[in-house]
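Undergrad: Pasting a predicted model and its sequence here:
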Amino acid sequence: MEWFKKKKETNSEKKVKIPEGLWVKCDNCKEIIYKKEIENNLKVCPKCEYHFRIVARERINQLVDEGSFREIDSNLVTTDPLKFEDTKPYKIRIQENIKAHQINDAFIYGTASIYKRQVVIGVMDFSFMGGSMGSVVGEKIARAAELSLKERLPLVTVSASGGARMQEGMFSLMQMAKVSASVARLKEAGILYISILADPTFGGVTASFAMLGDVIIAEPKSLIGFAGPRVIEQTIKQQLPPDFQRAEFLLEHGMIDMIVERKLLKETIYKIIQYLMPLQSPY
């Protein structure tokens with residue numbers, strides 16, 4: 001009859017309750033890791049070196065000198081030119097993203113210093129509508145390039161995007177030409193442009209300013225491309241090679257210049273600037 005009696009739990013048998021949010025599962029190696037350990041490692045998995053996605057302000061804090069970033073045009077918000085509506089109005093979608101992420105669109109830019117070297121820096125935020133490039137994002141990128149040209153400062157951008165923003169239709173696609181033209185003027189003036197590709201960088205962003213840098217850097221294992229692998233396979237009727245569209249594959253085939261771990265990005269950017277765009281001697 002003892003089988004049917006509820007056994008009293010001893011102290012050793014009681015389940016230990018672990019507070020939520022203390023542990024994170026790595027998307028690559030599937031290991032469960034203490035969240036604080038990942039945060040202290042610049043959001044990089046200590047087991048397999050997988051680079052977690054990070055938001056724009058976090059990225060800026062990692063790359064520039066503390067307290068040096070001065071944001072510009074933070075008040076720009078889309079006017080919803082097409083009055084677009086799918087499952088909900090585009091205007092409502094934008095308002096929800098602004099409230100959730102505390103930024104007005106998927107790109108932040110301004111001036112800052114990297115080891116005391118002045119730069120113009122712009123960073124995309126994938127958490128805001130997949131980092132998609134609409135009219136506001138395109139305008140900010142163009143203005144960042146224009147500021148870089150005016151002040152003759154190196155331009156650094158970090159891309160993390162799914163591509164053009166479908167809710168703005170043709171207005172979104174026009175940004176590709178606009179930002180490409182703005183970056184081209186930097187090249188004509190001999191001003192350095194460094195493009196950093198984070199996971200993921202796709203679509204119209206890859207097809208425009210992201211791949212036009214004088215130096216193109218990618219984080220390890222980042223997904224970079226134009227169309228998704230499934231679409232490509234269906235189009236060419238062939239199976240794609242392993243790790244297709246990963247940063248390592250692109251480096252091997254000459255599409256990017258280098259792969260740099262997150263902890264070395266700031267130092268690498270500084271060295272490239274000092275080498276390719278040294279300060280003019282007053283003598």
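TA: Sure, I can see it. Numbering: from 1, shown residues only.
Undergrad: what ranges do the helices span in the stretch 1-150 of the chain?
TA: Listed in chain order, the helices of the stretch 1-150 of the chain (DSSP state H, counting those that start in this stretch) span 35-39, 56-63, 90-101, 135-151.
Undergrad: now do the stretch 151-283 of the chain
TA: 169-189, 203-206, 229-236, 247-252, 262-276.
Undergrad: Return the set of buried residues in the fourth one.
TA: Going back to what we said before, that points to helix 247-252. 247, 249, 250 (16 or more other Cβ atoms under 10 Å). Bear in mind the C-beta positions are built from the backbone N, C-alpha and C, glycine included.
Undergrad: of these, closest to residue 271?
TA: residue 247 (19.6 Å; Cβ to Cβ).
Undergrad: The closest one and residue 93, how far apart?
TA: Distance of residue 247 to residue 93, computed by Cβ to Cβ, to the nearest Å: 31 Å.
Undergrad: How about residue 143?
TA: On the measure of Cβ to Cβ, residue 143 and residue 93 end up 24 Å apart.
Undergrad: returning to that earlier point: out of the helices of the stretch 151-283 of the chain, which is the most enclosed?
TA: helix 203-206 (a mean of 25; mean count of other Cβ atoms under 10 Å).
Undergrad: Run through who's touching that helix.
TA: 124, 131, 133, 159, 161-164, 172-173, 175-176, 224-227 (Cβ atoms under 8 Å, 6 or more residues apart in numbering).
Undergrad: So among the residues you listed, which ones count as buried?
TA: Buried among the contacts of helix 203-206 by 16+ other Cβ under 10 Å: 124, 131, 133, 159, 161-164, 172-173, 175-176, 224-226.
Undergrad: contacting residues for the residue nearest to the spatial centre of the chain?
TA: In the chain, the residue lying closest to the centroid (Cα atoms, centre = their mean) is residue 160, at 3.0 Å. If a contact means Cβ under 8 Å, 6+ apart, then residue 160 has 53, 124, 125, 126, 131, 198, 199, 200, 201 as its contacts.
Undergrad: now do 10 Å
TA: By Cβ atoms under 10 Å, 6 or more residues apart in numbering, the residues touching residue 160 are 53-56, 59, 106, 123-127, 130-131, 196-202, 205, 210, 219, 222.
Undergrad: again with residue 96
TA: By Cβ under 10 Å, 6+ apart, the neighbours of residue 96 are 88, 129.
Undergrad: low-scoring pLDDT stretches of this structure, where are they?
TA: Along the chain, the parts satisfying pLDDT under 70 run over 1-20, 280-283.
Undergrad: circling back: could you measure the residue nearest to the centre of the chain against residue 53, distance?
TA: 7 Å.
Undergrad: Find the residues that touch each one of these two.
TA: Joint contacts of residue 160 and residue 53 (Cβ under 10 Å, 6+ apart) are 59, 125, 126, 127, 131, 198, 199, 200, 219, 222.
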